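> generate a structure from the sequence data that follows.
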Amino acid sequence: MCGRIALFSPPARLARFLDAALAAGLDPEGHPSWNVGPQRRLFGVVEHDGARTLDRYRWGLVPSWAKDDKIGNRLFNARGETVAEKPSFRSAFAKRPCVIPVDGFYEWDHRPGRHRQPHYFTRLDEEPLLFAGLYEHWRNPADPSAEPLATCTIITTTPSVDLEEIHDRMPVVLSTDDVETWLNVEDFGPDERLQLLRPAPKGTLTHYCVDAAVGSVKNDGPELTEPVEPQSFF
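Numbering: from 1, shown residues only. Purely as a prediction, here's the structure:
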């Protein structure tokens, strides 16, 4: 599961990192947040005809066939093991992959006998994390004239050793070498892209304890990513 994200790098930096253009009207400086939860906005990079674009997507996928957008409340993650077959995701997996760049993410310690303390995860090399995602553009059947709603989901997999048993799921972290395979559905098939839905190699991530204030999206600011002392086990 991945349900809290830090996203404070400017969109212009993330677009450069992924060799993407900014979507029309997107502020290159953006609005930094250290506590993004589902139903808030993430950035996604998509590829069409060899050109990449970075745009904003609401976090929580709404399939094209949905009657209303409330289904997105629970579709903010997609399990990599079933993403190609599950009705909510299979069309997006076949046709609409995206890369979701973030600065870091939070997971709560689920180990027996431990306090449920949040940990902040980033790349060890301090580069942006690139999550494998899917996107959709949903049209409200009750209001056909409304603008389509752009939504996304983050794909998860089994944890790497870097999570140290803190949680039993982790986001799929793509390397820069994986991005073309993931985004280019014309030249790479489903089987090739499914092979990317695996735990990140050992040494990709680093983490430390942070304050429990991140549990509420009402709290936001760089202090949320500051390390704190681990709480007592008992």
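> go ahead and flag the most central residue of the protein.
Most central in the chain under C-alpha atoms, centre = their mean is residue 154, positioned 4.2 Å from the mean C-alpha point.
> that residue: what's it in contact with?
With contacts defined as C-beta atoms under 8 Å, 6 or more residues apart in numbering, the neighbours of residue 154 are 2, 59, 76-78, 100, 131-133, 171-172. C-betas here are computed from N, CA, C, even on glycine.
> including pLDDT, could these go into a markdown table?
Conversion of the contacts of residue 154 to a markdown table gives the following (pLDDT from 0 to 100):
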| residue | pLDDT |
| --- | --- |
| 2 | 84 |
| 59 | 98 |
| 76 | 98 |
| 77 | 98 |
| 78 | 98 |
| 100 | 98 |
| 131 | 98 |
| 132 | 98 |
| 133 | 98 |
| 171 | 98 |
| 172 | 98 |
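> returning to what we had before: and the residue nearest to the centre of the chain, what helix or strand is that in?
Secondary-structure element containing residue 154, defined by DSSP states H and E: strand 149-157.
> average pLDDT for that strand?
Here the mean pLDDT over strand 149-157 is 98, rounded to a whole number.
> what's the answer for stretch 32-42, then?
The average pLDDT for stretch 32-42 rounds to 97.
> what distance separates the start and the end of it?
Between the opening and closing residues of stretch 32-42 there is a gap of 11 Å (C-alpha to C-alpha, to the nearest Å).
> likewise stretch 82-89?
Its first and final residues considered, stretch 82-89 spans 9 Å by C-alpha to C-alpha.
> for that stretch, buried residues please.
Of the residues in stretch 82-89, 83-84, 88-89 count as buried by neighbour count, 16 or more other C-beta atoms under 10 Å.
> state the distance from the nearest residue to residue 160 once chain neighbours are set aside to residue 128.
In this structure, residue 160 finds its nearest non-sequential neighbour in residue 199, 3.8 Å apart by C-beta to C-beta, 6 or more residues apart in numbering. Look at residue 199 and residue 128: by C-beta to C-beta, to the nearest Å, they are 19 Å apart.
> show me how to select, in PyMOL, the buried members of the contacts of residue 154.
Per 16+ other C-beta under 10 Å, the buried members of these correspond to this PyMOL selection:
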select buried, resi 2+59+76+77+78+100+131+132+133+171+172
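> any chance of the contacts of residue 154 in CSV, plus distance to residue 181 and secondary structure?
Compiled in CSV, the contacts of residue 154 are given as follows (distance: C-beta to C-beta, whole Å; DSSP: H, G, I helix; E, B strand; the rest coil):
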residue, distance to residue 181, secondary structure
2, 21, coil
59, 24, strand
76, 24, coil
77, 21, strand
78, 18, strand
100, 16, strand
131, 15, strand
132, 10, strand
133, 14, strand
171, 17, strand
172, 13, coil
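> looking at the contacts of residue 154, which one is closest to residue 209?
Nearest to residue 209, judged by C-beta to C-beta, of those is residue 2 at 17.9 Å.
> correct me, but that closest one touches residue 173?
No - with contact defined as C-beta atoms under 8 Å, residue 2 does not reach residue 173; the gap is 10.5 Å.
> quick check: neighbours shared by those two?
Shared between the contact lists of residue 2 and residue 173 (criterion: C-beta under 8 Å, 6+ apart) are residues residue 131.
> hang on, the earlier thing: which of the contacts of residue 154 sits closest to residue 180?
Looking at those and their distance to residue 180, the nearest is residue 132, at 12.9 Å (C-beta to C-beta).
> return the distance of the closest one relative to residue 183.
Here the criterion is C-beta to C-beta. By it, residue 132 lies 10 Å from residue 183.
> can you give me the helices in this protein?
With DSSP state H as the definition, the chain shows helices at residue ranges 11-17, 90-95, 179-183, 190-194.
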